Every structure is written in C-alpha cells, then in structure tokens.
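**Student:** mind folding the following:
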Amino acid sequence: MIAGVLKEQPGENRVSLVPDIVKQLGKQGVTVWIEEDAGARAFYPDSTYIQAGAVIKPATAIIQEADIILSIQAPQRTLWEMVPPGKILAGIYQPLYNTGLMEQWASRQLTTFSLDTVPRTTRAQSMDVLSSQANIAGYKAVLLAATSYSRYFPMFMTAAGSIAPAKVLILGAGVAGLQAIATARRLGAVVEVFDTRPAVKEEVMSLGARFIDVEGAADVSAAGGYAVEQTTEYQRRQQEKIAASIAKADIVITTAQIPGKKAPLLVTKEMLETMRPGSVIVDLAASSGGNTAWTKNNETVQQQGVTIIGDSNLPSSMPADASKLYAKNIFNFLQLLIKDGEPVLNFSDDIVKGACITHSGAITYERLQQADKMKI
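**Tutor:** Here you go, the predicted structure:
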C-alpha cells in the first residue's frame, strides 16, 4: 500500500506526516510517497523523510498512484480533478462549510475522510485533530495578543511606579479556550471566562480564572464540544454579562463556533465602544464569520482604537509541533484503515463511519445529508 503526502497550498505551513510517523508506517508495510518540499515550511526537509524511508515523488504521481492521499487542506482543483475513482483522501476538509466540494468529490467516486468529523469519544481521542490543533491555537492566540498589546501582561512594581496586570476575557472554554486560560495565567494576567456549558466551570476555576455564570443555557451535551444556538432570553442575559466584562477587559479571545453555521456574534458595536484604546481582540472563529462584526479572516483591523485579529489557522504558525501532533492523529486513524499493509474500510466501526464524508458516489456523512434535505 502507498500513502501519498501532498504539499499544502500557500498559507498552510503544516504537513500531514512527519518523518517519525513515516518510519512507523514503514514497519507496517506502508510505503510513503511525499511531494518535494512538502515538509519544508514545517522544518522537515526532504532528507529527513528519505532517511525515514519515504520516496520523493511529483504530485501527479501521488495523485494517480497512491492508495491514500493525505493533505491537511483540500488539494487545489487541478490536482483533485486528476484523482482516479476509488482513491481515498484524508485531511481536514470542513465538509459542512465546503458542501459543494464534497458533492463534487462524491460524484467522482472518491472516498473522503475528514478528521474534523471524527466522533469526539474516549476511543477517538488519539485521532482528535480538533483538540490537538485547538490546543496550539489557544496558546498562540495569547502570545499574539501579548505582542500586539501596548502594555504589560503581568503586574509590575518598580521604583517608577506600579503596573496593573492585564485583564483577559476568554469567550469559550473548549480546548482552545482552556489552553488560552493557562497561557494567559502563566503570563500573569487576570482572566475571566464565559462559556455556555456550566460543566466547564470547575476546569476554568482550577486554572485560576473566574467563570462568568449565565443561567438558562441550552443543553450542549450532544454538540461535540461546539457551541449551540441559544434562546433569545439567554442571549440577552449573556450579552449583558459579556458587556460588563468586556468593558473591563484589555484582551478578548473569542472561540465560539457552530458547525455548518455562521459563528455567533458575541462582541457588539456597543461593547467595543466601552473598550479602551490599545485593547486587543483575537478571534479564532474568523473562518466562519467571526465573533465580532468587524472580524476579517487572516487580517488584522483597527476599530475605534481596538486591534481585532482574525486568524482561524494559528496552528499553521507553529508548523513543526502542529504537524507532529497532526501526524500522530493521522497515524492513529490509519490504524483503522490498514490491515496487513493494505487499505480496508470497515464501516461498522463508528469512527470510520463518522469520519467518512463520501463513498461509492454518495455523501455518507449524516450531518451533510441532513443539511442537503433542509435545502429541498
């Protein structure tokens, strides 16, 4: 069996497999073909792949001959149009936001696995790319805020006077939010946190942050770690609480997303007007519309003296470790698809079934099927 790794498009610095994982796959009878310089932006040169047993091949050869084609983002159209029917593609394809592309891949008889749809169960934790990459995003968001902020993070007491610690507000206590809390606290900031899930309060407080309670939240137990739509009354109370905290905050980090829908608007015009000049907002939901009205993905904008950083791909800014973690996720997932060195698709496995988006000419992902029915 051949697993092929494509070089990512400009703007994506990660790579699907790192040399250590290539070596482990080789022990299982899997040959890895990798496109030239595929790992260069993640600081894994071709020589390290060759030493691990990989073969450097052009993208066209990988597309046409590899049994499983790996790319974090979707390959460019000129490449995927050359993929022969029956091939397997695996990456992070965000099917609920890229429905048209998934339909095209289904029509081409491609089998597609999107690891961002792996069920978030205990058994699947080692394959959870959302968690491994969100951890990096939360960490980097705080560092990005710190370098963009015009003041110190920690409290300082000097002969020239005292500096109060920065006040950080984190909206969303998922994996990214929790890592952001820990990082901001390590830098000496005072941290407040809002989340619609009361169950995360204990985790938030254990990290040294204050949890903002809002009563009446909708049940999110089946949402896979994402936000869900809330009632109008809850949204009113939520905005009142958030507004009070934003007025005191120097740094705001927002993380709330709802799969397949526009990100909820959490920071309104009125809230922004209460923030002092020099404050910073880092919006990790930028790719799905953002949690502020001014967020632009992959851009930094100024609004009334507040810096708003929209970046939904912060893991790409730490490509070496992000690739290492992602490659381990991929390796663990491939264990479900490989038997005796050959691809075997066992759709009775809930993880394989849950991550499969297209197969045998059809959309197989249930949430995408439901979205299509709602259009009719």
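**Student:** mind checking which helix or strand Asn135 is in?
**Tutor:** Following DSSP states H and E, one finds Asn135 within helix 129-148.
**Student:** whoops, Ile281 was the one
**Tutor:** Using DSSP H and E, the element containing Ile281 is strand 280-283.
**Student:** state the mean pLDDT of that strand.
**Tutor:** Averaging pLDDT along strand 280-283 yields 98.
**Student:** list the neighbours of the helix or strand that that strand is followed by that are in contact with it.
**Tutor:** As assigned by DSSP H and E, the chain's next helix or strand after strand 280-283 is strand 299-303. Here strand 299-303 makes contact (Cβ atoms under 8 Å, 6 or more residues apart in numbering) with 148, 272, 294-295, 307-310. From N, CA and C alone the C-beta is placed, and that goes for glycine too.
**Student:** same thing with stretch 73-85?
**Tutor:** For stretch 73-85, using Cβ under 8 Å, 6+ apart, the contacting residues are 6, 8-9, 12, 59-60, 63-64, 69, 89, 91-93, 98, 101, 105, 108-110.
**Student:** please pick the buried ones from the contacts of strand 299-303.
**Tutor:** Neighbour-count burial (16 or more other Cβ atoms under 10 Å) applied to the contacts of strand 299-303 gives 148, 272, 294-295, 307-310.
**Student:** can you show me the helices along the protein?
**Tutor:** For the chain, helices defined by DSSP state H occupy the ranges 19-27, 46-51, 59-65, 77-80, 99-107, 129-148, 175-186, 201-206, 232-246, 269-273, 319-334, 350-355, 366-375.
**Student:** take the ones you listed and lay them out in JSON lines including distance to Ala286.
**Tutor:** Formatted as JSON lines, these follow (distance: least, Cβ to Cβ, whole Å):
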{"stretch": "helix 19-27", "distance to Ala286": "30"}
{"stretch": "helix 46-51", "distance to Ala286": "32"}
{"stretch": "helix 59-65", "distance to Ala286": "29"}
{"stretch": "helix 77-80", "distance to Ala286": "24"}
{"stretch": "helix 99-107", "distance to Ala286": "20"}
{"stretch": "helix 129-148", "distance to Ala286": "11"}
{"stretch": "helix 175-186", "distance to Ala286": "13"}
{"stretch": "helix 201-206", "distance to Ala286": "23"}
{"stretch": "helix 232-246", "distance to Ala286": "18"}
{"stretch": "helix 269-273", "distance to Ala286": "16"}
{"stretch": "helix 319-334", "distance to Ala286": "17"}
{"stretch": "helix 350-355", "distance to Ala286": "25"}
{"stretch": "helix 366-375", "distance to Ala286": "22"}
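**Student:** quick revisit: distance from the strand holding Ile281 to the middle of the chain?
**Tutor:** Chain-centre distance of strand 280-283: 17 Å, with Cα atoms, centre = their mean, to the nearest Å.
**Student:** direction included, what does that strand pair up with?
**Tutor:** Note on strand 280-283: by DSSP bridges, its sheet partners are strand 251-254 (parallel), strand 306-310 (parallel).
**Student:** isn't Gln304 up against Glu270?
**Tutor:** No. Contact between Gln304 and Glu270 fails when scored by Cβ atoms under 8 Å: they sit 11.3 Å apart.
**Student:** so for the two, which sits in the more crowded spot?
**Tutor:** Neighbour count, other Cβ atoms under 10 Å: between Gln304 and Glu270, Gln304 has more, with 13 against 10.
**Student:** partner residues bridging Leu70?
**Tutor:** Here Leu70, judged by DSSP bridges, has bridge partners Val5, Ala90.
**Student:** dump the residue contacts of it.
**Tutor:** 3-6, 16-17, 89-91, 330.
**Student:** still on that earlier bit, report the angle between the axes of the helix holding Asn135 and strand 299-303?
**Tutor:** Angle between the axes of helix 129-148 and strand 299-303 is 50 degrees (criterion: axes from the mean of the first three to the mean of the last three Cα atoms, to 10 degrees).
**Student:** what is helix 129-148 packed up against?
**Tutor:** Packing contacts for helix 129-148, counted by 3 or more Cβ pairs under 8 Å, 6 or more residues apart in numbering; DSSP states H and E, involve helix 175-186, strand 251-254, strand 280-283, strand 306-310, helix 319-334.
**Student:** out of the ones you listed, deepest packed?
**Tutor:** Mean neighbour count (mean count of other Cβ atoms under 10 Å) peaks for strand 251-254 among these, with a mean of 30.
**Student:** mean confidence score for it?
**Tutor:** Per-residue scores along strand 251-254 average to 97.
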